[in-house]
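J.: sequence and predicted structure, then a few things I'm wondering about:
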Amino acid sequence: MNAPNKSGWKPEMQIAESGFLGGPVTSTGNRGLMLEEPLLFEIGRADVTGVDLPEIDPAAPTRLGGLERKDAIGLVGLTEPETVRHYTRLSRQNYGIDLGFFPLGSCTMKHNPRLNEKMARLPGFADIHPLAPQSSVQGALEVIHQLGHWLCTLTGMPAVAMSPKAGAHGELCGILAIRAAHEARGDAREVVLVPESAHGTNPATAAFAGYRVEDIPATPEGRVDVAALKARLGPDVAGVMITNPNTCGLFEKDFREIADAVHAAGGYVYCDGANFNAIVGKVRPGDLGVDAMHINLHKTFSTPHGGGGPGSGPVVLSEALAPFAPLPFIRQTDGGEFYLVEEENREERGPSFGRMTAFHGQMGMFTRALTYILSHGADGLKQVAEDAVLNANYILRSMEDILHAPFGASGPCMHEALFGDKDFTNGLSTLDVAKGLIDEGYHPMTVYFPLVVHGAMLVEPTETESKAAIDQFITAFRGVVERALEGDEALKQAPYYSPRRRLDETGAARKPKLAYEG
Amino acid sequence: MRYLPLTDTDRQAMLAKIGASSVDDLFVDVPEVARLDGPIHGLPMHASEMAVERHMKALAAKNLVAGEVPFFLGAGAYRHHVPASVDTIIQRGEFLTAYTPYQPEIAQGTLQMLFEFQTQVARLYGCAVANASLYDGSTACWEAVAMATRVTKRKRAVLSGALHPHYAQVVKTMAHFTGDEIADALPSITSDPELTGLIGRIDEETACVVVQYPDILGRIADLTPIAEAAHAKGALLVVVNTEPVALGAIKSPGEMGADIVVGEGQSLGVGLQFGGPYLGLFAVRDPKHVRQMPGRLCGETTDAEGKRGFVLTLSTREQHIRREKATSNICTNSGLCALAFTVHMTLLGETGLRQLAAENHRLACLAADRLAKVPGVEVLNNGFFNEFTLMLGGKPAREIIRDLADRGVLGGVSLGRLYPGVAALEHALLVAVTETTTEEDIERLATELEAAIKETV
């Protein structure tokens, strides 16, 4: 199954240089449990299938309009045992939360409870069609309604749009609602203000929605420069997009003042809720003057990150923006029956800006998030925020004596601690520390983000780590940082012990090879 | 609080290290006005696993499960059998609890899987390059229109009337804000897709023409003439596919000259899930368009020892590098659904996909022939794959569907639900048939449909 060379490994490659202590060369390229795996297209065959289906009857009549696919598609198959082994071996080359501490800042890599998975797989949720008669899916509509109620209550906001598919799609929803609100009163505004520390999705979203984006600088203490922001407000500014807690890990303590100023200038306030985990159950964004905020269910509410999605990004909305929420949305009759307001409900849809996606949103994520929320309850969610913030501050104060913490003097951090690489020597950088942490058995923190800090390292522990796990990480992190401070040349070649060493990303982009050829 | 490992002793020790007397000291930057004394009012407190399970099961029990009744719904979401090993693999923690592969040295599992996925999708679509997935078919459709406007530097998209109406609505929602012009239409009730009119709507200002294949009424047509007409005017052909299994039986869009092919991948591995999460597929026929594509791309490279490995590449198109100049604002895609799709496709392989497609088509032909015998019912389509349109002889399809549901049959999707208020479409019913449909199911639908029609005025 794993023929030598297929994976690119060759017996003559020097294992000693790989940090394997001069161990013997293996004929397979495997190193014990570190297993090489060829590509599917190198081991699969066109005439093999892992599914038992009826043979094709070549004489059977068809009604395909003369468009039969005659040439080979170019797919290959594996039997079930080979399939299970192929993907199991691949899975072992991955790092996940289940394996260890995963402090990827701004991504909230918390434990994914397995009850969530079990509930999402109940046939009553997993095996229902989005266009089934609404009377036959009342329980599903009720899940969406209940989750929406929790999200509104936790944020102190009057309305929620449930259909956005992920955080960036939620941002788009909020920004489109803002545009629709301005348009409804004939107010054509062109500019959205975004702090320079924002996630890249913020300016990309505003631009995608047809706005011109202008940066707002940060203060030396890592917060939005309120004076600069106020000075820029005017009749051309549609709104601001501010992340709170922000990407420097700090609470924007002047948020209310900013919101009031924006409102006074006729604009709206979009809050990027990526970091809601720091304040869930503890602070309601609605009390701070927010008009729209997306909530990443895959962050705060523990739905799995899945190697890059699917996410889910419901958006809570203020009274001012609620009428513009996208279709469909859920209402309840006086008799208690749930129904969808779609394109046809002309009166009820009001000035909705329209549909953002087919069907009604990420139902599979709604069932998981509701399961999680019910498990924690109002008291548990408050504890979530407190423990997440406590863990981050503990890391901040356990590292700042040896690692530059640019905003360490700005007060407590929220749920993530931010560091920079300015004291490293011998040309060592944040990237080298990240790769050194891989050798120590950790997934690195977020690196080079936010852009406002040189060589940023953003560490988000979440609340689902024990003190022992965090202490062990701190020991490892300090060890790697000390090597960077001392200029340890060997760190430039890290990682040594991962399934692959540093990969040639420049080469990959120069001559892109994006599909198997052969 | 079974998900919270810290003990009170831990918390005290950590506060001491931080130099704070209580955890509230860590929230000093929150203004007074926004601070809460205790847990938020009006919400229940934490609950045991058993109690939560009971609550969720009670909600699930209020839904009519597709697999428990004769079931014929499609219109962009299809019920297929998903092999047991698919769900086992996607629940492995190393896949389930990983994230976007920002650190490729410890994410080769996800990256290699994506490279294989991209290859499968590209070949299925007859294209050169596919990306690592988008949210779903409808958002992929808008991304295709947006890409076509970038490539052609034109701002007008022509939509076929037989494009899924939700997809058309998503495109129109977005175009309203970007200032692009969308020319759309209603589907014509004809036995074959109406191409001449569509071709007539393409002009020198057209960035792209968007066609669904098979279309919303289940019809199929050779798209080569549209591709030629579009290319003659300097426009791109965007083809939307909502049923990937069909491409195991009929020509690929790339073969017929499509420039961008997008679609919904939910049929393979993902399941119905009441509409999401689904899987947006996106591919281009000509590799020269790669740098205008949205979304993540996985590429092959080598590591410092010369071993083959995979990385996310061409990220200078993306928001985290390009910010407001990015090709799209997308960040998280649909990774785990892509895994489910690719595992299912690997189990099928070339042979299995063709057999699956043939079985879908065989049963659909059986169903069409049987339903055509129901008095007052006509099959509209000349050609179809696994979904076709029934004309109900002037009877309102929405009422018939509700009536059928009361009789324990989920009989299809009424066009009235998809095109509310369009009188010409009120009497049409979309029926989808897959390998999960039995001959008994078909007979039951025919019988109940006959009864429902008789009783409906």
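T.: The structure has been received and is ready for your questions.
J.: most centrally placed residue in chain A?
T.: A:Cys107 (5.2 Å; Cα atoms, centre = their mean).
J.: tell me who's in contact with the closest residue to it other than its chain neighbours.
T.: Leaving aside its chain neighbours, A:Cys107 sits nearest to B:Tyr99 (5.8 Å; criterion: Cβ to Cβ, 6 or more residues apart in numbering or on different chains). The way it works is simple: take the backbone N, C-alpha and C, and place the C-beta from them, glycine included. Going by Cβ atoms under 8 Å, 6 or more residues apart in numbering or on different chains, B:Tyr99 touches A:Phe102, A:Leu104, A:Cys107, A:Met109, A:His305, A:Gly307, A:Gly308.
J.: wait, doesn't the residue nearest to the centre of chain A sit right on A:Lys299?
T.: Yes: look at A:Cys107 against A:Lys299 with Cβ atoms under 8 Å: they come within range, at 6.7 Å.
J.: circling back: element containing the residue nearest to A:Cys107, please.
T.: B:Tyr99 is part of no helix or strand, with elements assigned from DSSP states H and E.
J.: quick one: pLDDT of it?
T.: Note for B:Tyr99: predicted pLDDT of 93.
J.: so how far is A:Cys248 from it?
T.: Using Cβ to Cβ, to the nearest Å, B:Tyr99 is found at 21 Å from A:Cys248.
J.: what does A:Ser410 give?
T.: Note on A:Ser410: its distance to A:Cys248, by Cβ to Cβ, is 8 Å.
J.: pull up the overlap in contacts between those two.
T.: A:Gly222, A:Arg223.
J.: got the contact list for B:His188?
T.: For residue B:188 the amino acid is Ser, not His. With Cβ under 8 Å, 6+ apart, B:Ser188 has these contacts: B:Gly161, B:Ala162, B:Glu194, B:Gly197.
J.: switch the cut-off to 6 Å
T.: B:Glu194 (Cβ atoms under 6 Å, 6 or more residues apart in numbering or on different chains).
J.: could you check which residue of chain B lies nearest chain A?
T.: B:Gly349 (1.7 Å; Cβ to the nearest Cβ).
J.: so that residue: helix, strand or coil?
T.: helix (DSSP: H, G, I helix; E, B strand; the rest coil).
J.: what's the closest non-adjacent residue to it?
T.: Leaving aside its sequence neighbours, B:Gly349 sits nearest to A:Gly77 (Cβ to Cβ, 6+ apart; 1.7 Å).
J.: what sits against that neighbour?
T.: Neighbouring residues of A:Gly77 by Cβ under 6 Å, 6+ apart: A:Gly44, A:Val48, A:Thr49, B:Gly349, B:Gly352.
J.: format the residues you listed as CSV; extra columns: secondary structure, pLDDT and distance to B:Glu204.
T.: Formatted as CSV, the contacts of A:Gly77 follow (DSSP: H, G, I helix; E, B strand; the rest coil; pLDDT from 0 to 100; distance: Cβ to Cβ, whole Å):
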residue, secondary structure, pLDDT, distance to B:Glu204
A:Gly44, coil, 97, 46
A:Val48, coil, 98, 50
A:Thr49, coil, 98, 48
B:Gly349, helix, 98, 44
B:Gly352, helix, 98, 45
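J.: now those: which count as buried?
T.: Those of the contacts of A:Gly77 that meet the buried threshold are A:Gly44, A:Val48, A:Thr49, B:Gly349, B:Gly352, by 16 or more other Cβ atoms under 10 Å in any protein chain shown.
J.: of those residues, just say which sits nearest to A:Ser466.
T.: A:Gly44 (42.6 Å; Cβ to Cβ).
J.: how about that closest one, phi and psi?
T.: When read as degrees, to the nearest 10, the backbone of A:Gly44 gives phi -80, psi 160.
J.: how far away is the residue nearest to B:Gly349 from A:Arg69?
T.: Between A:Gly77 and A:Arg69 the computed distance is 17 Å (Cβ to Cβ).
J.: again, but for B:Ser48
T.: For B:Ser48, the distance to A:Arg69 (Cβ to Cβ) stands at 53 Å.
J.: more neighbours: which of these two?
T.: Per other Cβ atoms under 10 Å in any protein chain shown, whichever of B:Ser48 and A:Arg69 has more neighbours is A:Arg69, with 18 against 10.
J.: all the helices of chain B, in order from the start?
T.: B:8-18, B:49-60, B:84-90, B:93-96, B:108-125, B:137-152, B:165-178, B:195-200, B:224-232, B:319-322, B:335-371, B:397-406, B:415-418, B:439-455 (DSSP state H).
J.: show me what the lengthiest helix in chain A is packed up against.
T.: When chain A is parsed with DSSP H, its longest helix is helix A:363-399. Contacts defined by 3 or more Cβ pairs under 6 Å, 6 or more residues apart in numbering or on different chains; DSSP states H and E place helix A:363-399 against helix A:114-120, helix A:138-155, strand A:417-419, helix B:8-18, helix B:49-60.
J.: could you check how far the residue nearest to A:Cys107 is from A:Gly105?
T.: In this view, B:Tyr99 and A:Gly105 are 12 Å apart by Cβ to Cβ.
J.: same check, this time on B:Gly393
T.: To A:Gly105, B:Gly393 is 62 Å away according to Cβ to Cβ.
J.: comparing those two, which residue is more hemmed in?
T.: A:Gly105 (27 against 12).
J.: contacting residues for that one?
T.: Counting by Cβ under 6 Å, 6+ apart, A:Gly105 touches A:Glu416, A:Met445, A:Thr446, A:Leu458, A:Val459, A:Glu460.
J.: list just the nearest of those residues to chain B.
T.: Looking across those and measuring by Cβ to the nearest Cβ, the closest to chain B is A:Thr446, at 7.8 Å.
J.: that closest one touches A:Leu458, doesn't it?
T.: Yes: the criterion here is Cβ atoms under 6 Å, and A:Thr446 meets it with A:Leu458 at 4.1 Å.
J.: can you report how many residues neighbour residue 60?
T.: No chain was given, so I picked chain A. Neighbour count of A:Ala60, defined by other Cβ under 10 Å: 10.
J.: can you look at chain B instead?
T.: Around B:Ala60 there are 23 other residues, counting by other Cβ under 10 Å.
J.: tell me the secondary structure for the nearest residue to it once chain neighbours are set aside?
T.: Excluding its sequence neighbours, the residue lying closest to B:Ala60 (Cβ to Cβ, 6+ apart) is A:Gly124, at 2.8 Å. For A:Gly124, the secondary-structure state derived from three-state DSSP is helix.
J.: residues touching A:Gly124, list them.
T.: A:Gly124 sits next to B:Ala60, B:Ala61, B:Asn63, B:Val65 when contact means Cβ under 6 Å, 6+ apart.
J.: and with 10 Å instead?
T.: Contact analysis of A:Gly124 by Cβ atoms under 10 Å, 6 or more residues apart in numbering or on different chains lists A:137, A:139-140, A:143, A:367, B:56-65, B:68, B:274.
J.: and if you look at A:Pro220?
T.: Residues in contact with A:Pro220 (Cβ under 10 Å, 6+ apart) are A:Pro406, A:Phe407, A:Ala409, A:Ser410.
J.: got phi/psi on the second one?
T.: Torsion angles at A:Phe407 (phi, psi; degrees, to the nearest 10) stand at phi -120, psi 20.
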